[in-house]
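Participant: Let me see the structure of the following:
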Amino acid sequence: MERYEFFKQFHHISLAEYHLLTDCLKTKSFKKGDFITVPGQIQRELYFVKSGVQMSYFETGDKIYTLVFTYFPHLCAIADSFSFHVPSKYHLICLTDSELDYISYENLQKLVDQSQQIERLFRRMTEAMFADMIDLHIELRAMNIEERYKKFCRKSPHLLQIVPHKYIASYLGIDPTNFSKLFNNVKF
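Facilitator: Numbering: from 1, shown residues only. Got it, this is the predicted structure:
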């Protein structure tokens with residue numbers, strides 16, 4: 001799906017407004033294992049995934065808690081760090097070689113001041129992100145591990161072949177041993 005079509009799922013913007021945004025984007029390449037943002041760092045750029053898979057997570061002691069995976073055509077950021085200019089509490093890492101377009105916070109603010117439609121687009125995308133987070137919280141509390149696994153497989157089956165299963169297990173709140181059993185035994 002093209003990025004423009006992806007954006008139109010949230011809010012319709014004209015092609016002129018789309019180009020107003022994309023003309024401001026620059027590109028960065030990252031290698032597998034590169035950190036985009038680390039705890040204590042302020043994320044000053046909002047990324048638009050062109051290729052690759054990224055993951056945000058936090059650590060407590062020796063345990064990793066996976067928060068989200070990002071991939072084309074999604075946005076990639078530590079949202080609170082970017083939006084509020086506060087130090088990140090999380091890591092944002094590339095799980096594969098990645099190419100990301102980006103816009104600085106300052107340039108995004110200039111764009112939303114210039115275009116009400118672009119501002120609405122980003123508001124609607126933010127609202128969708130929050131709704132997804134609420135859905136994940138509900139799933140983690142109300143669904144059993146098999147139901148969570150099946151829903152993940154329907155939504156993002158390609159990640160099963162790309163992302164180490166320990167990170168998917170963490171995202172789903174499943175012990176890695178149980179995840180391995182699900183992966184080997186659950187049929188659709």
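Participant: For residue 108, which non-adjacent residue is closest in space?
Facilitator: Spatial nearest neighbour of residue 108, chain neighbours left out: residue 46 (6.1 Å); criterion: C-beta to C-beta, 6 or more residues apart in numbering. C-beta here means a position set from N, CA and C on the backbone, and glycine is covered the same way.
Participant: Doesn't the one you found belong to a strand?
Facilitator: Yes. Under DSSP: H, G, I helix; E, B strand; the rest coil, residue 46 sits within a strand.
Participant: what bridges to it?
Facilitator: residue 103 (DSSP bridges).
Participant: neighbours around it, how many?
Facilitator: Residues near residue 46, counting by other C-beta atoms under 10 Å, number 21.
Participant: quick one: pLDDT of it?
Facilitator: In this model, residue 46 is scored at 97, pLDDT.
Participant: give me the element the nearest residue to residue 111 once chain neighbours are set aside is part of.
Facilitator: Nearest non-adjacent residue to residue 111, counting by C-beta to C-beta, 6+ apart: residue 118, 5.3 Å away. Here residue 118 sits within helix 116-142, counting by DSSP states H and E.
Participant: Check which helices and strands that helix sits against.
Facilitator: helix 15-22, helix 105-114, helix 145-155 (3 or more C-beta pairs under 8 Å, 6 or more residues apart in numbering; DSSP states H and E).
Participant: Extract the residue ranges of the protein that are flagged as low pLDDT.
Facilitator: Low-confidence segments of the chain (pLDDT under 70): 1, 186-188.
Participant: Put together JSON lines for the helices and strands packed on helix 116-142, with distance to residue 177 on each row.
Facilitator: Formatted as JSON lines, these follow (distance: least, C-beta to C-beta, whole Å):
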{"stretch": "helix 15-22", "distance to residue 177": "45"}
{"stretch": "helix 105-114", "distance to residue 177": "42"}
{"stretch": "helix 145-155", "distance to residue 177": "11"}
